[in-house]
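Colleague: model the following, please.
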Amino acid sequence: MLLNKIKFNYSIKVLDDLFNNKKYDEAIEILNKNKNNKKLYFALLNYINDKYLLDFSHSQFYNKKLFWIIGFDQDDNIFINNFIKFYINNLNLKNIFMTDYNNFLNSGLKNITDSSIKECTFQELVQHSNLYQTSSLLETNQDNVILTTSAAFFEAPNNRYFIYPNTTKSYVYVIRNPFQLYLRYKSLNSNSQEALNKINQVQEKSLNPKDDIGIVDKILIDENRQSWPINVKSWVDENVISAYRGKVIRYEDLRESKYDMLIEILFHLKQSGLDIDLNYSLVNDYIETHVFDEDYDNNLSRQETKMILNSLDQSLLEKFEY
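Modeller: A predicted model of the protein is given here:
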């Protein structure tokens, strides 16, 4: 305990000097040397996070960046997610990695949490979102990470946010007609109330990450999805779009104009800093070989329509012509 305190006090003096002189590679070396000591590593990372990393003047600390594909229901993003994976693989791009946000957080949490920890609550994410994302970025070998999530953007006291300009280069948010979402949920559950509950997010939020990066003893992540109106509002807010270079796409426009929309997404990622070439023939190849789901038949009763409308935001419906 005493030894850790001595090491901590010495290390923060070194880190202060390195940050004051913007010697970020050397600061990262100091952190990496202490990875085997989880308590000390967490304390040092937490120290520089609160003192330096939330300040945009130290954005050059991050030589690895995040890009996001977001939607209230990740099933609506399958076409885009699969396209990006297809595109990356066919161009053999080695500096871009795509994964689920929960998997990504797990890769960083294993370095700063005790092995007995089995769940990360939303309250912990509010306090340590940037800290956890920083730890995960330091762990990855790729320069660019594309993450998928259904979490809503949040802003909490003491400058706590879901994402930060220092790490996030841009995001794409896919919005779909909530009546279509209701019809899908109803077709899966055969129950109107359960379908409405999903629109209102009356369900468990702790998600077990998918097993695609070989993490043992995964931590359950409490995903802040919220209801459809809250989720949508959080990402289509003009201030959020401006701060994080957001692009909002209607699911319906993607279905009707696949080629144009996929090109727009690629161009948006490229403009925001992703080192990627535009290969138009690959876009066509993907469209020709991948099916896009059609809408569900709108056979809603008056009672169902009224029930859904009561849980939605009329201004959002008007804005996106639903």
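
Colleague: so residue 276, which of the three states?
Modeller: Secondary structure, DSSP: H, G, I helix; E, B strand; the rest coil: residue 276 is coil.

Colleague: so what's residue 203 scoring on pLDDT?
Modeller: pLDDT recorded at residue 203 is 58.

Colleague: and what of residue 5?
Modeller: For residue 5, pLDDT reads 88.

Colleague: now swap in residue 215 and tell me
Modeller: Taking residue 215 on its own, its pLDDT is 52.

Colleague: residue 212 now?
Modeller: So residue 212 comes in at 50 (pLDDT).

Colleague: now residue 126: closest residue in space that isn't a chain neighbour?
Modeller: residue 156 (4.9 Å; C-beta to C-beta, 6 or more residues apart in numbering). Any C-beta I mention is one placed from the backbone N, CA and C, and that applies to glycine too.

Colleague: so what's that neighbour bridging to?
Modeller: residue 160 (DSSP bridges).

Colleague: got any ranges where this structure has weak pLDDT?
Modeller: 1-3, 115-116, 203-217 (pLDDT under 70).

Colleague: swap in 80 and give it another go.
Modeller: Counting by pLDDT under 80, the chain contains low-confidence residues at 1-3, 114-117, 189-190, 202-217.

Colleague: please, where are all the strands along it?
Modeller: Using DSSP state E, the strands of the chain run over 65-71, 96-100, 119-120, 144-149, 155-156, 160-161, 168-175, 206-207, 220-222, 246-250.

Colleague: go ahead and name everything in contact with the fifth one.
Modeller: Looking back up the chat, that one is strand 155-156. Contacts of strand 155-156 with the rest of the structure, by C-beta atoms under 8 Å, 6 or more residues apart in numbering, involve 126, 161.

Colleague: now the second one
Modeller: Under the contact criterion C-beta under 8 Å, 6+ apart, strand 96-100 has outside partners 81, 84-85, 88, 140-149, 209-210, 212-213, 274-276.

Colleague: how far does it sit from the chain's center?
Modeller: Remark: strand 96-100 is offset 10 Å from the chain centroid, using C-alpha atoms, centre = their mean, to the nearest Å.

Colleague: can you list the strands that it pairs with?
Modeller: In the sheet, strand 96-100 lines up with strand 144-149 (parallel) (DSSP bridges).
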